[in-house]
Structures are given as C-alpha cells and as structure tokens.
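3D model of this:
(2 chains)
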Amino acid sequence: MCLGVPGLVVECDELSALVDFWGVRRRVRLDLADEPVAPGDYVLNHVGFVIRRIPAADVQTTLAMYEELVKANTGSGPVDLMAADVLGEIEAGRAGRAGGTGQ
Amino acid sequence: MTPLEFRDPTRARELRQALDRVVSEIGRSPVAVMHVCGSHEQAIARFGLRAAFPKGLDVIMGPGCPVCVTDQPEIDEGVALARQGVRIATYGDMLRVPGTAGSLADAQAAGARIDVVYSVAQAVDLAHETDEEVVFFATGFETTAVATAAVIAAGVPVNFSVLSAHKYIPPVMEIVAEMPGTRVEGFLAAGHAATITGSRIFEPFVARHHLPVVVAGFEPLDILAALVKLTEMIRDGVAEVVNLFPRCVTPDGNRHAQELLWRVFQPIGGRWRGIAHVPNGNLRLRDEWAHVDARQRFRIDVAALWNGAPSTLVRQCICGNIMSGIASPHDCALFGNACVPDAPVGACMVSSEGTCRIWHEYGGIPELGEPTCRFCQ
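Numbers count the residues shown, from 1 in each chain, chains lettered A, B, ... in the order given. Model prediction:
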C-alpha cells in the first residue's frame, strides 16, 4: 500500500491525470497535487493520488548533492574506480597464493 | 532508464566507498542507524544493498510498516464489521493480518464480503455502484491518510463510511529514541511521508534528542547517499535535519495536502502493535465528519471476538522487538519455521513491507564475503 511511484503525465484535466509508470498507464487523481501539473511533468503517485509534481531542476539538485558527498569522502580529486578494482583483485590474488590456494 | 531512476552503478560504487571511509573514521563498531519505512527496507533488500554496507554499520528497520503496526483491536473492528454483514473495502496488505480472532481473509472465507482496492477512490466508486453500506478500512501513515482525507473532503455517497486506523509517523520516532537500550544513533526519515509533512517537522525531534535525521528517497543512490550524510553527522557529532530528497521533499511539505489532512483528521494517542502507546500516533476523524465515521455509524461488536486467548505461537512472536530495532528476524524461533508468508503468525510476516516478510523473500543480510552487491558491482 505504502508505495510512492514516480511517473510521467501523458494527459490531464483539472481532476485527474493519465500517468505512464514505466509502460503501465493509470488514471490518478489530482486533489492532493501541490501545484498544477501538465503533460510532460514527472509526478509522485501514492495510492492513486498525485502528492508531488517533481520539478526537473530538483532532479539535477539531487545529483549535484550526491556528487558533493562523494567528493568530500573519497579523497581529493577524481577517483579512478577501475584502478581501485584492479588493485583489489591483484591484492586478492596475492593473498590466495600466500595461502597456497592459488590456481 | 528514466531520469528518476537513480541507479547509476559508477555513482553507487563511489558512494559505497565514501560510506566505507566515513564509517571507518567513526572508529567503533557497530554504528546503528534506523529507517522507519517499509519502502526503504524493500529497496535495500531488492537491490542487495545490505551486502554493500560496511560491516560496522547496522541499518535497522524501525516501525515503518503501517500494516504491521495496525493494532489487533483495530483489525478486530474490521473483522467484526465484516462478520456483521457490512461490506468492507481495504488495501490488499490488510487482508491476512491476524487479529485477535482471525483476519479479514478468514472472515471472507466464512462468507463476509471484502473488496481489495488499490486506492480509496476505488472504494468510493464501489459505494456509488451499490446501495449497500461500504466501509473503507483505512490504514497507512500520513501519506495514505491524505488520500482518505481528500475523498472525504470532496464528498462521498451516503452509504460510504471510513474505519480509520491511520497512523502518524513523527510521534513514534520519539518513542523509539527514548526506548531503554536503544542503539540508534541517527534516523533515515521516509521521503514519501516527508513529501506531505516537509522536512522541517523533524527539527524539534533533533533538538530534543540530539540525533541526526536525513530525509531519504527510495532509489539505491538515494539510500547510499543518505547513509553517507547520516554517518558523516554521527562522525562529526552533528545533529541536524538534512533533506537529501529535494526532488520530492521541501522544508514545508505539501501544504495543501496537510490542510486537507488536518481538516478531516485529528491526532489522538493509541497503541501501535508491538510497540507501545504512542501519544498523538493515531489519526481519527474529527467530530464534524462523524457522519462518515464507521465507529459512529455502526455498533461494532468486537467483544464477541475476544472469547479465546491468543495461541501459544502468538505469545512467542517477537514482532514488537523487531519493529523497535531491538531484535532481527533471525532472533525469532518462529521465523521461517512456524511463521512463513503463507501462514504468518506475526504482522511483520504478512505485509510486503514487513521486515520478516522482506527478509524471508530476499534473505536478510547476504553473507557474500567481499561486498558484491548485485546492483553496484
């Protein structure tokens, strides 16, 4: 029951909107929408009611915040993840040989 | 992938590394944080995120499943009404939750008419199509309660009424924070409930308990990022409210929905199953809506159901401790043995948002050695 699902508005009138949820289309009510919605908007649906119009700019804000968290906690400068993975595998291989279980 | 699926594996790996680093900087183990939302637990289990969490971090599911915390006497009211011959419409999750003497599904098997609906709007449609009395057995937190409020405020047919078992999340966080023996050092707040209430609602809580709160969304990146921020605050001894779900949550929330919610409902104290009496934790219809209140319209004879004592199995159930974060499903002797999704003993095994049900389905904490989250690897 308690499951919010984002979707894309296909068409709407004052009372309800037809929303596409990854291919499943459903009519949802607009009584609770925080602001007017229009076709092309993303909305958050909960038990058949739109509870939020999701502004595109806020999606970008979210991604920028995550970028900040990564930068602040993984050392300065960009992290070469591939290198970390390769080093990890080399390390694991070394440990395996030391234990006499290498292939 | 749509722009709203926050599942980029590269970013997930980066966030996981950041989380590792912050948790190791805290320098003690385990660091325990709690989320209060079944949808968070579902996302954590479905994407295998627990395998990616650092070993020193316990992410506990608190009382975040509205089905699980619906108290037995509330279920009993629905069952009693159904057995009295009143047609009940409710969300599918509620059907098999055991009351004191059976569930709604048991009543249905005995001939009662129960309709499962996706939305309260469908229950209203049902009442329009018939002359019979239709009672909507309304469960769920404020996110769901606003939908019930919306249909009532918009006007319902005379044969429609509501049996409200709606609950309100902010007060129960106080209860969990004050529980003796609690290990919780910070909370992930449920993004969808906060879409309605706004993030500012948690500020008095943070000030009172000096525990950080991060409002989090439900995609893998949302959860990982929120945990990074939460553990950062624990590391630095900072207690603030941080909103990491700004695409849906604003400081003040959805004011229009709040206005409807409080126009129709008032908060009163009441029991949450397995937890405690929660002051202001239950939502009941205000007096001016007495004409759509099933408790006013019908004489609900719950006492007739209460002739038998609970079974021995029910007494062994530790759902309450699981929902308070004191125990995990693996601590329960019934889990996976006498209590399974097809024959649940406790409410946590019933709902798709219940901790036991989710752990039974996905395996709880995968023991995979090196982090091999199936999503971010």
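
once you drop chain neighbours, what's closest to the residue in the stretch 101-250 of chain B that chain A sits nearest to?
Distances between the stretch 101-250 of chain B and chain A by C-beta to the nearest C-beta are smallest at B:S119, namely 2.9 Å. Quick note: C-beta positions are derived from backbone N, CA and C, even for glycine. Of all residues not flanking B:S119 in the chain, A:G48 sits nearest, at 2.9 Å (C-beta to C-beta, 6 or more residues apart in numbering or on different chains).

for the one you found, give its distance to B:P279.
31 Å (C-beta to C-beta, to the nearest Å).

so for the two, which sits in the more crowded spot?
A:G48 (19 against 14; other C-beta atoms under 10 Å in any protein chain shown).

contact partners for the more buried one?
A:R26, A:V28, A:R29, B:Y118, B:S119, B:V120, B:A121, B:Q122, B:A147 (C-beta atoms under 8 Å, 6 or more residues apart in numbering or on different chains).

any idea which element B:V162 lies in?
strand B:160-164 (DSSP states H and E).

what comes up buried for that strand?
B:F160, B:S161, B:V162, B:L163, B:S164 (16 or more other C-beta atoms under 10 Å in any protein chain shown).

from the contact counts, what lies against it?
helix B:72-83, helix B:120-128, strand B:134-138, helix B:142-154, strand B:276-285, helix B:294-297 (3 or more C-beta pairs under 8 Å, 6 or more residues apart in numbering or on different chains; DSSP states H and E).

who touches the second one?
Spelled out, that is helix B:120-128. For helix B:120-128, contacts defined as C-beta under 8 Å, 6+ apart pick out A:29, A:47-49, B:87, B:89, B:115, B:117, B:134, B:136, B:138, B:147-148, B:151, B:156-157, B:159-160.

avg pLDDT for stretch B:357-364?
Average pLDDT, stretch B:357-364: 85.

swap in stretch B:292-301?
Rounded mean pLDDT across stretch B:292-301 is 96.

stretch B:219-239 now?
96.

and what of stretch B:36-48?
87.

list the buried residues of it.
Buried-residue list, stretch B:36-48, by 16+ other C-beta under 10 Å: B:V36, B:C37, B:G38, B:S39, B:H40, B:E41, B:Q42, B:A43, B:I44, B:A45, B:F47, B:G48.

how about the nearest residue to the third one, chain neighbours excluded?
When you say that, I think you mean B:G38. Nearest to B:G38 is B:E353, by C-beta to C-beta, 6+ apart, at 2.4 Å.

helix or strand: which one has that neighbour?
Going by DSSP H and E, B:E353 is not in any helix or strand.

how about the residue of the stretch 101-250 of chain B closest to chain A, what does it touch?
When contacts are counted by C-beta under 8 Å, 6+ apart, B:S119 is found next to A:R29, A:V47, A:G48, A:F49, B:A147.

farthest pair in those?
A:R29 and A:V47 (9.7 Å; C-beta to C-beta).

who has more neighbours out of these two?
Between A:R29 and A:V47, counting by other C-beta under 10 Å, A:V47 is the more crowded of the two (25 against 21).

surely the more buried one touches B:T139?
No: between A:V47 and B:T139 there is no contact under C-beta atoms under 8 Å: 10.8 Å.

tell me which helix or strand of chain A sits lowest on mean pLDDT?
Least confident helix or strand of chain A, by mean pLDDT, DSSP states H and E, is helix A:81-98 with a mean of 52.

can I assume B:D115 is in contact with B:R87?
Yes: if you go by C-beta under 8 Å, B:D115 and B:R87 touch, sitting 6.9 Å apart.

those two - which one has more neighbours?
Comparing B:D115 with B:R87 by neighbour count (other C-beta under 10 Å), the higher total belongs to B:R87, at 19 against 14.

so who does the more buried one touch?
Listed by C-beta under 8 Å, 6+ apart, the contact set of B:R87 reads B:R113, B:I114, B:D115, B:L126, B:T130, B:E132, B:E133, B:V134, B:V135.

what's the closest of the residues you listed to B:I322?
B:I114 (27.4 Å).

so what's the residue count around B:A138?
That count, for B:A138 with other C-beta under 10 Å as the rule, works out to 28.

circling back: which of the contacts of B:R87 tops the neighbour count?
B:V135 (27 neighbours).

chain A versus the nearest residue to that one once chain neighbours are set aside, what's the distance?
Computed as C-beta to C-beta, 6+ apart, the closest residue to B:V135 that is not its neighbour in sequence is B:A294, at 4.6 Å. Noted for B:A294: a distance of 19 Å to chain A, by C-beta to the nearest C-beta, to the nearest Å.

B:A294 - how many residues pack around it?
24.

so what's A:R26 up against?
Per C-beta under 8 Å, 6+ apart, neighbours of A:R26: A:G7, A:L18, A:V19, A:N45, A:G48.

what about the third one, which SS state?
What DSSP: H, G, I helix; E, B strand; the rest coil gives for A:V19 is strand.

once you drop chain neighbours, what's closest to it?
A:G7 (4.0 Å).

what comes up buried for the one helix or strand that neighbour maps to?
Using DSSP H and E, the element containing A:G7 is strand A:5-12. Buried residues in strand A:5-12, defined by neighbour count with 16+ other C-beta under 10 Å: A:V5, A:P6, A:G7, A:L8, A:V9, A:C12.

quick revisit: mutual contacts of B:D115 and B:R87, please.
B:L126, B:V134.

B:E361 contacts B:A45, correct?
Yes: in this structure, B:E361 is within contact of B:A45 by C-beta under 8 Å, at 7.2 Å.

sorry, back to before: tell me the phi and psi of the residue nearest to B:G38?
phi -100, psi 0 (degrees, to the nearest 10).

one more: A:G40?
Torsion angles, degrees, to the nearest 10, at A:G40: phi 100, psi -20.

isn't it up against A:L8?
Yes: counting by C-beta under 8 Å, A:G40 touches A:L8, with 7.4 Å between them.

get me the contact residues on chain A for chain B.
Near chain B, the residues belonging to chain A are A:1-4, A:6, A:8, A:22, A:29, A:31-34, A:42, A:44, A:46-49, A:51-52, A:54-56, A:58-59, A:61-63, A:65-66, A:69-70, A:72-74, A:79, A:81, A:84, A:92 when assessed by C-beta under 8 Å from any C-beta of the partner chain.

of these, keep whichever come out buried.
Members of those classed as buried by 16+ other C-beta under 10 Å are A:1-4, A:6, A:8, A:29, A:31-34, A:42, A:44, A:46-49, A:51-52, A:54, A:58-59, A:62-63, A:65-66, A:69-70, A:73-74, A:79.

please report how far whichever residue of chain A sits closest to chain B lies from B:I26.
Nearest to chain B, among the residues of chain A, is A:G48, at 2.9 Å (C-beta to the nearest C-beta). Here the criterion is C-beta to C-beta. By it, A:G48 lies 43 Å from B:I26.

lovely, talk soon.
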